[in-house]
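Undergrad: fold the following.
(one chain, ligands or ions: 1)
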Amino acid sequence: MKLWFDKKSQFDTLSIKLPKSVKTKYKIVWSQQEANFIKSINNFLNRKKYSSHFLITNDKIYKQYSSFIQQHFLGVEVIIIKDGESHKKLSTIEHICIQLNEKGVDRKTCLWAFGGGVIGDITGFVAAIYMRGVSFVQVPTTLLAMVDSSVGGKTGVNLASGKNMVGSFYQPQKVFMHIPLLETLGKKEVLCGLAEVVKSAIIYDKEFFQYLENNLVAIQNRDQDTFKYLSYSSAKIKASVVEQDEKEGGLRAILNFGHTLAHAVENYFNYKKITHGEAVAFGMAFATFFSAKKNFISQEIYTRIINLIEKLELPANIDQLPEKNLKKKKAFLKHCLVAMAKDKKNLNGQVRFILIHDIGEAMLPVAIPQIELEAALSEFFIDI
Ligand SMILES: NC(=O)c1ccc[n+]([C@@H]2O[C@H](COP(=O)([O-])OP(=O)(O)OC[C@H]3O[C@@H](n4cnc5c(N)ncnc54)[C@H](O)[C@@H]3O)[C@@H](O)[C@H]2O)c1
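TA: Numbering: from 1, shown residues only. Model (predicted):
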């Protein structure tokens, strides 16, 4: 599949058309100049069809952006929740719904998610269920949200027993990607986004992968044009996949490349010592290793993928994770096998992996017998 395009061409908006059955169409709009961002959000705020607008963000982002929000979102009420994945839970949803209700908010309101993936998932879920559904808009403020979570319509929260266990598919009215918002992002958060960018390229677009290989310095320097290009290309890839399969009946599963092992690894580290992006990078390295082991890809392709992950300062082998002792490596392996056996995307008790034929060509999920998975994992974890 090829989606790559000339970097110099205009790419300020992208239309997303979901399958006819869903009847949803919305636009993603990019901006780099504050004036353009203000113009596009004002156009939206002035739409007559909304009775009110509420912006949902967290305390950390609000501290950084309170004057930006107050200046640009005139007349918009702000709801501030606590920062962190641990607040992506049902009680936060209830808390926001109660606030909306106490303020007399009706069905014609529009909610604005101003934040990263956590705020986007929470706001989208509130929008999906408050009064059986109100409008919402995304203003993603992390690279991960710009390249991944703000596109595709998955919303929801975690349960103590698992991530994203409660949620819905609910599409926004619009997504505003304002690239300068990324300037205040910490390095770890940038790396989380980059892991998903690399994933998009590996599963769908070989030339985009080549672009990443050739533009490492600009990526490391957080060049704004480059980040805009990363955001556009990744959003376009995700949109293309979601347009074909909104609810993960088939193709959408390829977006899980690297994620089956990643979820198990995050679980091992109690969602603390390791970021989601690091876990995804490690999971992608294993899925690549496995694809090579099954002779689906050449050694050359394997090396290119591992090199790109490492050059972006993401972990591609076990010694780059916060787990170094061999004895613990065995316990780690066992934990991953048990956790993967419980993956919510398993079918008939078998773990399903996304493997690749080539860079840019992911395969639909392949069921892997436990014995084969254990052998590949122990080779990857211990013998490598
Ligand atoms: N819906 C989807 O399709 C989808 C896809 C991928 C991930 N997700 C979800 O996204 C979440 C992870 O998202 P994330 O990585 O954006 O994490 P996040 O939302 O927790 O943001 C990371 C950190 O950066 C801070 N932050 C946000 N914007 C900032 C800015 N501009 N400057 C400084 N700090 C800023 C946040 O307050 C937070 O502390 C997870 O809950 C994951 O499940 C959802």
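Undergrad: what are the buried residues along stretch 247-257?
TA: For stretch 247-257, a neighbour-count test (16 or more other Cβ atoms under 10 Å) marks 248, 252-257 as buried. The C-beta positions use only the backbone N, C-alpha and C, and glycine is treated the same way.
Undergrad: compute the mean per-residue pLDDT across that stretch, please.
TA: Averaged across stretch 247-257, pLDDT comes to 88.
Undergrad: contact partners of it?
TA: 152, 169, 199, 202-204, 238, 241-242, 244-246, 284, 287, 345, 352, 354, 356, 362-365 (Cβ atoms under 8 Å, 6 or more residues apart in numbering).
Undergrad: quick one on the thing from earlier: and which of the buried residues of stretch 247-257 is nearest the ligand?
TA: Distance to the ligand across the buried residues of stretch 247-257 (Cβ to the nearest ligand atom) is lowest for L255, with 8.2 Å.
Undergrad: what helices and strands are in contact with the helix or strand where V166 lies?
TA: For V166, the host element (DSSP states H and E) is strand 162-169. Packing partners of strand 162-169 (3 or more Cβ pairs under 8 Å, 6 or more residues apart in numbering; DSSP states H and E): helix 117-129, strand 154-159.
Undergrad: winner for burial among these?
TA: Mean neighbours per residue, mean count of other Cβ atoms under 10 Å, is largest over the helices and strands packed on strand 162-169 for helix 117-129, with a mean of 25.
Undergrad: list the helices and strands it packs on?
TA: Here helix 117-129 touches strand 52-58, helix 90-102, strand 109-115, strand 135-140, strand 154-159, strand 162-169, going by 3+ Cβ pairs under 8 Å, 6+ apart.
Undergrad: so which of those gets nearest the ligand?
TA: strand 154-159 (3.7 Å).
Undergrad: what's around the closest residue to L159 other than its chain neighbours, how many residues?
TA: Nearest non-adjacent residue to L159, counting by Cβ to Cβ, 6 or more residues apart in numbering: M165, 4.2 Å away. Using other Cβ atoms under 10 Å, M165 is surrounded by 13 other residues.
Undergrad: tell me the contacts of M165?
TA: 156-159, 344.
Undergrad: before we move on, what about I371?
TA: Per Cβ under 8 Å, 6+ apart, neighbours of I371: none.
Undergrad: now the host helix or strand of it: buried residues?
TA: According to DSSP H and E, I371 maps onto helix 370-378. Buried residues in helix 370-378, counted by 16+ other Cβ under 10 Å: 373, 376-378.
Undergrad: equivalent analysis for stretch 196-209, please.
TA: So, applying 16+ other Cβ under 10 Å, buried residues of stretch 196-209: 196-206, 208-209.
Undergrad: just those now: which is nearest the ligand?
TA: Among those, and counting by Cβ to the nearest ligand atom, the member closest to the ligand is E196, at 7.0 Å.
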